[in-house]
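In: Got a sequence here, can you model it:
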Amino acid sequence: EGRAFGGHHAQSVTHRQTIQHAPVKQSTHHVVQRESIVTNKFSFTDAEDAHRKWKTRLVQYIGGMNKEEISAEIASSDNKCDLGKWIYGEGMQHAHHKEYRDLKESHAQFHHSVGDIVRAVQSNKREDAKRLLGGDFSNRSTKTINAIKHLQDIIQSRASHTQSKPQMRTGTDDGDWEEF
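Out: This is a model prediction of the structure:
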């Protein structure tokens, strides 16, 4: 699916990963180990935009305007794009939600449909590819975009509910208040 695009008002999930670099030699005989932090952010809005862009990409591919090589095997896989990596990675913490399961299923069907279109084009069955684009792909795309929005809403409402809980206080005998 390539890179995700966009990124406004999205629920973001941050992953931190430490990468060890090779030792760096200083001017004397000291060796210093360098470390850098890489931050990857998952955004529901970016995932939504990336999946919407598949339609334009496929229309161009079917029409021969896009000479890009698209692997049907990779396009069919629901765990290669950023959303798929999130679904099978950090997103699994939301597996108890129906909306997560709906997204996982619709996303897999979406990529299966993309793969079918790519295979049709590669077999010179452009009319079949157009039919799939207007039928299965269109339906599955809408379902996936809606599922992304529904899960995002659930996660955001839980996050705002958690943040809005009042602080608990306990009174002590001497009239002081202790927060915890």
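
In: And the helices in this structure?
Out: For the chain, the helices defined by DSSP state H occupy 44-62, 72-76, 82-87, 98-122, 126-132, 138-163.

In: In TSV, list those helices along with mean pLDDT and mean neighbour count.
Out: C-beta here means a position set from N, CA and C on the backbone, and glycine is covered the same way. Formatted as TSV, the helices of the chain follow (pLDDT from 0 to 100; neighbours: other Cβ atoms under 10 Å):
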stretch	mean pLDDT	mean neighbour count
helix 44-62	95	19
helix 72-76	96	16
helix 82-87	96	21
helix 98-122	98	20
helix 126-132	97	17
helix 138-163	90	15
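
In: E73 is in contact with K80, correct?
Out: No. K80 lies out of contact with E73 (Cβ atoms under 8 Å); the separation is 9.6 Å.

In: R52 is in contact with I145, correct?
Out: Yes. Using Cβ under 8 Å, I145 makes contact with R52 at a distance of 6.7 Å.

In: What about H97, how many residues nearby?
Out: By the criterion of other Cβ atoms under 10 Å, H97 has 15 neighbours.

In: For it, list the residues it contacts.
Out: Listed by Cβ atoms under 8 Å, 6 or more residues apart in numbering, the contact set of H97 reads L151, I154.

In: what does the one 4 residues further on give?
Out: Counting by Cβ under 8 Å, 6+ apart, R101 touches A95.

In: Relative to H150, how far out is it?
Out: Note on R101: its distance to H150, by Cβ to Cβ, to the nearest Å, is 11 Å.

In: do S71 as well
Out: According to Cβ to Cβ, S71 and H150 sit 30 Å apart.

In: Would you enumerate the residues in contact with E99?
Out: Taking Cβ under 8 Å, 6+ apart, we find E99 in contact with A147, H150, L151, D153, I154.

In: just checking, the third one touches A95?
Out: No. Here L151 does not reach A95: they are 10.9 Å apart, not a contact under Cβ under 8 Å.

In: What is the neighbour count of the nearest residue to V59 once chain neighbours are set aside?
Out: Spatial nearest neighbour of V59, chain neighbours left out: L133 (7.0 Å); criterion: Cβ to Cβ, 6 or more residues apart in numbering. Residues within reach of L133, counting by other Cβ under 10 Å, total 22.

In: Am I right that L133 is in contact with L58?
Out: Yes. In this structure, L133 is within contact of L58 by Cβ under 8 Å, at 5.8 Å.

In: Mind listing the shared neighbours of those two?
Out: I117.

In: Could you find the closest non-adjacent residue to K143?
Out: Nearest residue to K143, sequence neighbours excluded (Cβ to Cβ, 6+ apart): S106, at 4.4 Å.

In: surely the one you found meets A147?
Out: Yes. Judged on Cβ under 8 Å, S106 makes contact with A147 at a distance of 4.7 Å.
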